[in-house]
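Participant: Starting from these lines, generate the structure:
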Amino acid sequence: MSIIDGKELHIPDAIISCQLDGQGGMLPISETEVVNSEHACWLHLNYAQQESAEWLQDTPLLPDSVRDALAGESMRPRITKLADGFMITLRSINFNHDSRPDELVAVRIFINDRLIVSTRQRKVAAVDDVWSSLKNKAGPENAGDWLVEFCDALTDHISEFIEDLHDKIIDLEDGLLEGKVPQRGQMALLRKQLIVMRRYMAPQRDVLARIASEKSLWLDDAQRRLLQDIADRLGRGLEDLDAGVARTAVLNDEISSQMTESMNKRTYIMSLLAMIFLPATFLTGLFGVNLGGIPGGQWSDGFSVFCVILVVIALMITLWLKNRKWL
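Facilitator: Model prediction:
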């Protein structure tokens, strides 16, 4: 294993620049010191920053085949096996301010036994989890542990979001049982989140499963088993997403049914009201013509008697409708 000069890893605008100490903690990387080649170094960069972007294109520590991928070219979850490591692209739940969780954040990782380079543009919560564990001296001891811990944190956040979607579906189902129709756009947003998650998490599960199946000298059997467990956990989340898509389709049908039923009830009530007042409309129209010979036209009590007759007719029609069980 070749020795790395600290100057080669010095990036002024790096978000994280450290070396794993092999005991769950980390050591800062000094520009003037030679890096201990026994432990992996971790650089976390924002590829949109100028100095980080220049380092990604110029450093001899990275294979030429991964430079563009680390600089934001790759978006969908994927993995490329290299001679001594992996180039991995994964998607994370978006916990950034003023962003929806389903607007997934891409994180790109080049990893081998001595160097870990992760890049992003928007903040990735799983990176913060790994960094926090390193600061507390309870983090990964080597590159394999780092990959396991990062993928585990990433999948935990995904599972929590899927559980939140599941809870929202249950709330909608309970609301429909009580006759409450969701607000406009709520169901469409929920279905979009389920579909987006399904689209990206399926290939991400395959990426994790492939990492677990690859034979690498710096990944031991225990780490591969853990990665397979993480892939299986994400697979169970995919099953929940599939179930969620099916349940929201049923919910859409039920909402349409309830809205149609409600509209039919309103139309039925309006039809009954029209039936009750149809004779009154006919009689008032008939007696309202400006022609001579209208009965009671000169009678002082004619209007009162006419109103009483209209009320009696309306009551008789109402009683008839009730007897027929139409009302």
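Participant: Now do the SS call for the residue nearest to Leu147 when sequence neighbours are not counted.
Facilitator: The shortest distance from Leu147 to any residue other than its chain neighbours is 6.0 Å, reached at Ile111 (C-beta to C-beta, 6 or more residues apart in numbering). (Glycine included, C-beta is placed from N, CA and C.) Secondary structure for Ile111, judged by DSSP: H, G, I helix; E, B strand; the rest coil, is strand.
Participant: what sits against Ile111?
Facilitator: Residues near Ile111 by C-beta atoms under 8 Å, 6 or more residues apart in numbering: 85-86, 88, 117, 143, 146-147.
Participant: same thing but at 7 Å, please
Facilitator: Neighbour list for Ile111: 85-86, 88, 143, 147 [criterion: C-beta atoms under 7 Å, 6 or more residues apart in numbering].
Participant: And the helices in this structure?
Facilitator: For the chain, the helices defined by DSSP state H cover 50-58, 64-68, 125-135, 143-177, 186-213, 221-287, 302-323.
Participant: closest to Cys18 out of those helices?
Facilitator: Distances from Cys18 to each of those were compared by C-beta to C-beta, and the smallest falls on helix 125-135, at 7.0 Å.
Participant: follow-up on the earlier one: nearest to Ala153 among the contacts of Ile111?
Facilitator: Scanning these for proximity to Ala153, where the rule is C-beta to C-beta, the winner is Leu147, at 11.1 Å.
Participant: separation between the closest one and Ile88?
Facilitator: Here the distance between Leu147 and Ile88 works out to 8 Å (C-beta to C-beta, to the nearest Å).
Participant: again with Gly22
Facilitator: Counting by C-beta to C-beta, the separation of Gly22 from Ile88 is 23 Å.
Participant: So those two - more neighbours on which side?
Facilitator: Between Gly22 and Ile88, Ile88 has the larger neighbour count (other C-beta atoms under 10 Å), namely 26 against 15.
Participant: Setting the sequence-adjacent residues aside, check what's closest to the more buried one.
Facilitator: Setting aside the residues directly before and after it, Ile88 is nearest to Ile109 in space (C-beta to C-beta, 6+ apart), at 4.5 Å.
Participant: Equivalent analysis for Ala53, please.
Facilitator: Nearest non-adjacent residue to Ala53, counting by C-beta to C-beta, 6+ apart: Tyr47, 5.6 Å away.
Participant: Contacts only, for the one you found.
Facilitator: When contacts are taken as C-beta under 7 Å, 6+ apart, Tyr47 is in contact with 53, 56, 70-72, 119, 121.
Participant: switch the cut-off to 6 Å
Facilitator: With contacts defined as C-beta atoms under 6 Å, 6 or more residues apart in numbering, the neighbours of Tyr47 are 53, 71-72, 119.
Participant: and which of those residues is nearest to Ile230?
Facilitator: The nearest member of these to Ile230, counting by C-beta to C-beta, is Thr119 at 21.5 Å.
Participant: partner residues bridging the closest one?
Facilitator: As for beta bridges, Thr119 partners with Leu45, Arg108 under DSSP bridges.
Participant: wait, it sits on Leu70?
Facilitator: Yes. Thr119 lies in contact with Leu70 (C-beta atoms under 6 Å); the separation is 4.8 Å.
Participant: intersection of neighbour lists for these two?
Facilitator: Contact criterion C-beta under 6 Å, 6+ apart; residues bridging Thr119 and Leu70 by contacting each: Arg108.
Participant: Compare the two and say which one has the larger neighbour count.
Facilitator: Here Thr119 and Leu70 are set side by side on neighbour count (other C-beta under 10 Å), and the busier one is Thr119, at 26 against 23.
Participant: what sits against the more buried one?
Facilitator: Contacts of Thr119 were listed using C-beta under 6 Å, 6+ apart, and they are 45, 47, 70, 108.
Participant: Do you know the pLDDT at the residue nearest to Leu147?
Facilitator: Looking at Ile111, its pLDDT reads 94.
Participant: Check Val34 too.
Facilitator: 54.
Participant: rewinding a little: which one of the contacts of Thr119 is nearest to His10?
Facilitator: Checking the contacts of Thr119 against His10 with C-beta to C-beta, the nearest one is Leu45 at 12.4 Å.
Participant: what number of residues lie near Asp171?
Facilitator: Neighbour count for Asp171, taken as other C-beta under 10 Å: 12.
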